[in-house]
Every structure is written in structure tokens, then in C-alpha cells.
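In: Need a 3D model of the following:
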Amino acid sequence: MRNLWVVTKKEFLGMVKTKGFVIGIFLGPLILGAFMFLPAFLARKSKEPQLKMAVIDKSGWLFNKLDSVLVDTLPDGQRAYILSREPYRPQAFKEDENKLRGRVLKKKLDAYLVIPAGVDTGAPPEYYARSVGNVITQSRLENRINDLLVSRRLEAQGIVVGNLKSLLKETEIELRQVTEKGTAKTSFLTVYLTSFFLVMILFTTVLGYGQHLARSIVEEKNTRIIEVLTSSATPFQLLMGKTIGLGGAALTAVLGMFLLGFLFGAPLVRILEMENIKNVFNPVLLINFVLYLLLGYFLFMTIFTILGAISNSDQEVQSMVAPIVWMMILPIIIGFLVAQNPNAGWITVLSLIPFFTPTLMVMRISYLPPSWPELAASYAIMFFSILAMGWLAAKIYRVGILMYGKRPTLPELARWVRYR
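Out: Numbers count the residues shown, from 1 in each chain. Have a look, this model is predicted:
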């Protein structure tokens, strides 16, 4: 036990005393928080520029109505859209259009719109601009023009549009989640960003510390330090000491990031009016997240241990990391499907496969906590998987750390496992 404690202490202090560890604790919540809060903050603070648009109205009636309804304003009170009507000359239409295109290229205009004569019967207006990425402007134009066309058709049928609009007025549903303690106001975006935030912490922690473990093993092999270490401690003690020491450093980093995140995230939550995020970060979710983080860490550390033991360079380790990354990133790829139906049969089965369990179960708990039997089954599967993979990793590690040269083949690995 003394040797195990010495190795554990060495790995833990060797990690937490580095500048990168301390900087990472501060940068971690900033980077992940930026993914959650920065888009919403910029959307609120960004100033939309005024758009100048020329309109050629072949229909003869739509421009005036469009100019009267397209009255969106900027934060300073100015009109968001300045429309100018260009005369429609059938004989010189191409020439007029070339002039408008030149004004757009010279940035005297932001865009121009051509309204066809048959717009009433479904002919589409044509919008020309330097940038086609302004979907907000395109959507507003479409909505206003469609409203005007519908109103014109209704008036042709003798229907009073004002009365019809009051009858067709829409409402929005306020989302409230039912919990054991009652109900809580929330939103899909808040829950989705929360699950993404937690999964990314789990992903980056396991991947980062796992690669550090594998590289540490390779470095000790290449420098022959491992031969000295094995004279003082057994391979099992070295393996467990490394795993537990780095695990303690990983947990320290995550707890530190959470503490800083809550301290500095609270003002942002108030500024962005995201108070309902408190209803998402509940104790059940946080406790399960920490448990799955630890279980996922120990499970994947066994894989990284095997990679380090059979590799002879960092390049060999990197070449074999891709499958691990895909196993952890799959739940992020199917995250939207999990959000739609977190208790679907195929998602339940997938979440009970050990290599997908940590990330998928954290996502499922964020949206709709699974039943206690499912949670218990997932923990049991993870526990026994760690034991099985730990036994396999220990068998390979004790032989691999003293092997140099070419990477072993699968038959050779099988022989290592059978050695006594």
C-alpha cells in the first residue's frame, strides 16, 4: 500500500502543480461557458445595420404596401429597412438591373428586389445582395410579402382582413417540466445547452487525462525509467497509482471549474435572463454527472493504459486514439434524437453499452431522468466493465512496459494475457 500511495501522490502532485493545470481550471469554464452564453449575449448586444434596398415592382401595387408594413426598427429607433422604388421600364429592364447591380457592388446599395408581375399567382420575387447569408432579412421579406398577398386574395373574396387576423391570432406555449417537487419553468435550449456543457466536460476530461496517461507510459518505456520503477513497485501498483493519481487531479479540475463557473456564471445568467437554468442544474443531475465522470474515467483509462503499453511513441498512441474519440462523441452526434425521446428503446439499449453509458446517461438525465432500475443497471454494468477491462489492462501492462520495438500483434497480446 505504501508504494501505491507514493505513486498516486507523485502523479497527483505532478499534475496539479503544473501551470497548465491551474490555467485550465480558469480557462475551462470560460471556453465552455462561451459556447453556452456568448451567442445569446452577442445576439442581444450586436447592432443590426440599416439595410438600403431598391425595389423594381412589376406588379404595380406591392411596393407601397410593402414599404408601409416593413417598419422594423433598430435599437436607436431608426428604420431597419430603407426602401427606394425604381421605375419599371420593360424596354430597358436589363440596363436598369445592371445599374442596380453596379450600385450593390460599389456598396451604394445593400440589395435590390425584383417583384414580378405575376406575384399574385405564385411567381417568386427575386432578391439580389452581396451576402446571401442574411437569413433574417430574407425571412422578414418573405413573411411580409406573403401576408400582403394573402390579404389581397382575402379582400378579393370580400373577407375583412382585420377581423380574420384577430380570429387567427397565435399564442406561444410556456414550457414547464414536471418534477418530483412540482413543476419548473424551463426551455428546450436551456436543457440542450446544459447537457452539451456537461458532456463536453466529461469528453474533454477523459480524453485529455487519458492521452496524458498513455504518453506517460510511453515516455517511461523510452527513457527506461520503467525498469527502475518496477524494481520498487509492482506493475499493478504502478498502474493503479497512475490511474488514481490522475483521477484525483481530473476530479479536482472539474470541481474547480464548476466552482468558478457558478461564481462567474451567475451574473451572466441574470444578464441574459436565463434564471430557469437553475431548474436544470439540480442535485440529482450533478451527483450522477460526478459518478458517471469517475466511472467513465476509470473505464477509458484502462483503454489508454493498453494503448500506452503496446505503443513505442506518441505518434503510435495518436494513431489509435480515433476509435476512442468516436465512442465518446457518438452521443453528441445523436444528441438531438436523444432530446426528442430520451427513453426510446434503442437509446436505452445504447446507453447500457459501457463505452456509451457515461455521456448518454448524462444526456438522458438532463432531459428526462430514467427509472431507478435503469440507473442501477447502468452503474452495475459500468462497475463490472471496469473490473473486466482493468484485469485485461493489468495483464497487458505488466508485459508491455518492458517490451520495445515493433507494436505487438493480436496473437501476441493474447499470449500476454495468458501469462502468469
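
In: and residue 54, that's in a strand?
Out: Yes - applying DSSP: H, G, I helix; E, B strand; the rest coil, one finds residue 54 inside a strand.

In: For it, give me its contacts.
Out: 83-86, 100, 103, 109, 111-113 (C-beta atoms under 8 Å, 6 or more residues apart in numbering). Any C-beta I mention is one placed from the backbone N, CA and C, and that applies to glycine too.

In: Go through these and say which is closest to residue 336.
Out: Taking C-beta to C-beta as the measure, residue 336 sits nearest to residue 111 out of these, at 33.1 Å.

In: Find the nearest non-adjacent residue to that closest one, please.
Out: residue 129 (3.6 Å; C-beta to C-beta, 6 or more residues apart in numbering).

In: you'd agree the one you found is up against residue 113?
Out: No - contact status for residue 129 versus residue 113: not in contact, 9.3 Å apart, counting by C-beta atoms under 8 Å.

In: before we move on, back to that, the residue nearest to residue 111: how many residues sit nearby?
Out: By other C-beta atoms under 10 Å, 17 other residues sit near residue 129.

In: Give me the phi and psi angles of it.
Out: phi -150, psi 160 (degrees, to the nearest 10).

In: Would you check how far apart it and residue 103 are?
Out: Distance, residue 129 to residue 103, using C-beta to C-beta, to the nearest Å: 12 Å.

In: if we can go back for a sec, go through the contacts of residue 54 and flag which are in helices.
Out: Mapping the contacts of residue 54 onto helices (DSSP state H) picks out 100, 103.

In: so where do the helices sit in the stretch 201-350 of the chain?
Out: All helices of the stretch 201-350 of the chain, identified by DSSP state H, counting those that start in this stretch, fall at 225-229, 235-271, 283-310, 314-319, 322-333, 335-340, 345-351.

In: now for those helices, which one comes closest to residue 201?
Out: Here helix 235-271 is closest among these (C-beta to C-beta), at 6.2 Å.

In: pLDDT of the closest one, averaged?
Out: Mean per-residue pLDDT for helix 235-271: 69.

In: What of stretch 354-369?
Out: For stretch 354-369, mean pLDDT is 86.

In: which residues touch that stretch?
Out: 191, 194-195, 198-199, 202-203, 206, 280, 284-285, 288-289, 292-293, 295-296, 299-300, 327-328, 330-332, 335, 338-339, 342-343, 347, 350-351, 370, 375, 378, 381-382, 385.

In: Filter those down to just the buried residues.
Out: Neighbour-count burial (16 or more other C-beta atoms under 10 Å) applied to the contacts of stretch 354-369 gives 191, 194-195, 198-199, 202-203, 206, 280, 285, 288-289, 292-293, 295-296, 299-300, 327-328, 330-332, 335, 338-339, 342, 347, 350-351, 370, 375, 378, 381-382, 385.
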